[in-house]
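Q: The amino acid sequence is not available; the structure is as follows:
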């Protein structure tokens, strides 16, 4: 019987993997071949024939080497995160903000929902377009191999960015008013925060998320049917 | 024997299905698949191991070195909870495909 480990080591010499990982692959393949050959010998096949048949079960050594390298290849985690999260997230944010600016320039104004002091201002033409941007972000993230959580995070990224802007802006303006000596009405500030939060974060976030969920559902359905495709 | 193009698509389902009964190492996995399909599905190492590594990278399988009673070290694969979750829809899709092919080709035992 040949030294299977030495044989596999020699045939997979050009396998581009970390030494430890390569040693594991060699040991695994060699064990498989050894057991296969021993099984044939137990069945009464001559050693020469058993070795020949065992080697024929490898297929093509170059093919095995190439496919193992491809299957084990790791992407840089940082690069992966950039394409699955930050690029599509920033793109969703920029496009949705450009859309808002364009609508504003076209003269399409926000609408008040209900009347009175607690009326909420909703930019309805903008809200109508947001599911598309949410879907686009989720699509790009999913195409880059992003998980469901990544895709949904990307789709609501503009709403998250606005939340951070709000959280930064209000304490900043409150501090400015305190320094300049202007009286601060905290109940009024809380009302404004709540109203603007609903109009600029919660409702747009829901619109973006709707688009993201739809895009992700469509993509998952498509990719699962592609996986089972013949060939 | 089934043509290689069709086999490629079924390999994933075959591996996941055979691992549903419990953890197996590569040689035993290939042997069982061949035995249970009466030789219609036979894996070469060039198709089995890249597939196992791919499924492991996707998180559907987990491989770990184990030592048998005879002292032989083998890498055993088991289905992860994610792999178990994925198996049901893949099975459904293949059943749908076989049903459709059966209707189309009017083959009785597709």
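A: Looks like it arrived, so ask away. Everything numeric here is computed off the predicted structure, so don't read it as measured data. Numbers count the residues shown, from 1 in each chain, chains lettered A, B, ... in the order given.
Q: show me where chain A has strands.
A: A:111-113, A:120-122 (DSSP state E).
Q: worst average pLDDT in those?
A: Across those, strand A:111-113 has the smallest mean pLDDT, namely a mean of 70.
Q: Look up how far residue B:24 lies from the nearest residue to residue A:193 once chain neighbours are set aside.
A: Nearest residue to residue A:193 in three dimensions, chain neighbours excluded: residue A:170, at 6.3 Å (C-beta to C-beta, 6 or more residues apart in numbering or on different chains). Backbone N, C-alpha and C define where each C-beta goes, glycine included. Applying C-beta to C-beta, to the nearest Å, the value for residue A:170 to residue B:24 is 59 Å.
Q: who's more crowded, these two?
A: Counted by other C-beta atoms under 10 Å in any protein chain shown, residue A:170 and residue B:24 do not tie: residue B:24 has more neighbours, with 19 against 15.
Q: isn't that one right up against residue B:79?
A: No - between residue B:24 and residue B:79 there is no contact under C-beta atoms under 8 Å: 10.2 Å.
Q: per-domain residue ranges of chain A.
A: The record's domain parsing of chain A by automatic domain parsing lists A:4-72, A:77-227.
Q: out of these, nearest to residue B:28?
A: domain A:4-72 (8.3 Å; C-beta to C-beta).
Q: Now do the helix or strand containing residue B:27: which elements does it pack against?
A: If you go by DSSP states H and E, residue B:27 is part of helix B:26-36. The contact analysis (3 or more C-beta pairs under 8 Å, 6 or more residues apart in numbering or on different chains; DSSP states H and E) places helix B:26-36 against helix A:19-42, helix B:4-19, helix B:45-58, strand B:73-79.
Q: run the last query once more with 7 Å
A: helix A:19-42, helix B:4-19, helix B:45-58 (3 or more C-beta pairs under 7 Å, 6 or more residues apart in numbering or on different chains; DSSP states H and E).
Q: If you average the pLDDT over the second one, what comes out?
A: Per-region confidence: helix B:4-19 scores 77 on mean pLDDT.
Q: middle-most residue in the chain, spatially?
A: Since you didn't name a chain, this refers to chain A. Central residue of chain A (C-alpha atoms, centre = their mean): residue A:146, 1.8 Å from the mean position.
Q: let's do chain B instead
A: Nearest to chain B centroid, counting by C-alpha atoms, centre = their mean: residue B:15, 1.4 Å.
Q: That one touches residue B:51, doesn't it?
A: Yes - contact criterion C-beta atoms under 7 Å: residue B:15 and residue B:51 qualify, at 6.2 Å.
Q: shared neighbours of those two, anything?
A: The contact sets of residue B:15 and residue B:51 do not overlap (C-beta atoms under 7 Å, 6 or more residues apart in numbering or on different chains).
Q: Can you give me the buried ones in the biggest helix by length in chain B?
A: Using DSSP state H to assign secondary structure, the helix with the most residues in chain B is helix B:81-105. Across helix B:81-105, burial judged by 16 or more other C-beta atoms under 10 Å in any protein chain shown covers B:83, B:86, B:87, B:90, B:93, B:94, B:97.
Q: do the same with stretch A:55-72
A: Those would be A:55, A:57-59, A:61, A:64-69, A:71-72, for stretch A:55-72 by 16+ other C-beta under 10 Å.
Q: Show me what it is in contact with.
A: With contact meaning C-beta under 7 Å, 6+ apart, stretch A:55-72 is reached by A:11-12, A:14-17, A:21, A:25, A:36, B:44-47, B:49-50, B:53-54, B:57.
Q: Doesn't residue B:43 belong to a helix?
A: No - assigned with DSSP: H, G, I helix; E, B strand; the rest coil, residue B:43 falls outside any helix and is coil.
Q: Spatially nearest residue to it, not counting backbone neighbours?
A: With C-beta to C-beta, 6+ apart, the residue lying closest to residue B:43 is residue B:30, at 4.6 Å.
Q: Next one: that neighbour, what pLDDT does it get?
A: 93.
Q: Looks like it contacts residue B:47 (just checking).
A: No - contact criterion C-beta under 7 Å: residue B:30 and residue B:47 do not qualify, at 9.5 Å.
Q: These two: who's more crowded?
A: Set side by side, residue B:30 and residue B:47 show more neighbours around residue B:30, with 26 against 19, by other C-beta under 10 Å.
Q: ok, back up a step: quick one: mean pLDDT over the longest helix of chain B.
A: 86.
Q: centre of the chain versus it, how much separation?
A: 13 Å (C-alpha atoms, centre = their mean, to the nearest Å).
Q: who does it touch, helix- and strand-wise?
A: Taking 3+ C-beta pairs under 7 Å, 6+ apart as the contact cut, helix B:81-105 packs with helix A:203-227, helix B:4-19.
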